[in-house]
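S.K.: coords please:
(one chain, ligands or ions: 1)
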Amino acid sequence: MSASYDADNIFAKILRGEIPCHRVYEDDNALVFMDVMPQSAGHVLIVPKAPSRNLFDADPAVLAVVIPLLQRIATAAKRAFDADGVSVMQFNEAAGGQTVFHLHFHVIPRYEGTPLHSHGRGMEEPEVLAANAEKLRSALAALN
Ligand code: AMP
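M.R.: Got it, this is the predicted structure:
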């Protein structure tokens, strides 16, 4: 039997407003906020609002709406953090590297020759996350 969705996962709590986040963008379909343990400055998460555990139980209609948003966030992140590139990551089940079991996509600014910090290392300072969220909001607003 496949694993089921747990409505008490931490991203579901963030989506319900029960736990704070450094919000970058929100619409009817998704919430975008800073990863608290960034693998690179500007590491941001795109979280569809529809409850699904990961890619395996996601509604394709949700994915169809989220990918264009992912494109905009990646473009904004590259500009906001003057990055050479951007890594988009998405993990499915523990064996696939997933630790929070609500579908999400990572957008991580990258620089030539600079390796990522390890996944899920220490927490970033709240003021740094707030400043990076503001940079991303400004870059998003400047996109066509
Ligand atoms: P994964 O499920 O492996 O794709 O990773 C979950 C990500 O969520 C990790 O990069 C964590 O640093 C991040 N994370 C965990 N809790 C929070 C939180 N409360 N707010 C923002 N990011 C979080």
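S.K.: Where does the residue positioned nearest the centre of the chain fall, secondary structure wise?
M.R.: Centroid-nearest residue in the chain, with C-alpha atoms, centre = their mean: residue 45, separated by 0.7 Å. Assigned by DSSP states H and E, residue 45 belongs to strand 44-48.
S.K.: cool, residue 12 as well?
M.R.: helix 10-15.
S.K.: for that helix, packing partners?
M.R.: strand 30-34, strand 44-48 (3 or more C-beta pairs under 8 Å, 6 or more residues apart in numbering; DSSP states H and E). All C-beta atoms are positioned from the backbone trio N, CA, C, and that covers glycine.
S.K.: Tell me which of the ones you listed lies nearest to residue 140.
M.R.: Nearest of the helices and strands packed on helix 10-15 to residue 140, taken as C-beta to C-beta: strand 30-34 at 8.7 Å.
S.K.: picking up where we left off before, buried stuff in the helix holding residue 12?
M.R.: The neighbour-count check on helix 10-15 (16 or more other C-beta atoms under 10 Å) flags 11-12, 14-15 as buried.
S.K.: repeat for stretch 51-62
M.R.: 51-54, 58, 62.
S.K.: I'd say residue 36 and residue 121 touch.
M.R.: No: with contact defined as C-beta atoms under 8 Å, residue 36 does not reach residue 121; the gap is 10.8 Å.
S.K.: show me the contacts for the residue nearest to the centre of the chain.
M.R.: Contacts of residue 45 were listed using C-beta atoms under 8 Å, 6 or more residues apart in numbering, and they are 11, 32-35, 104-107.
S.K.: Now do the same contact list for residue 73.
M.R.: Per C-beta under 8 Å, 6+ apart, neighbours of residue 73: 24-25, 32, 44, 46, 107, 136, 140.
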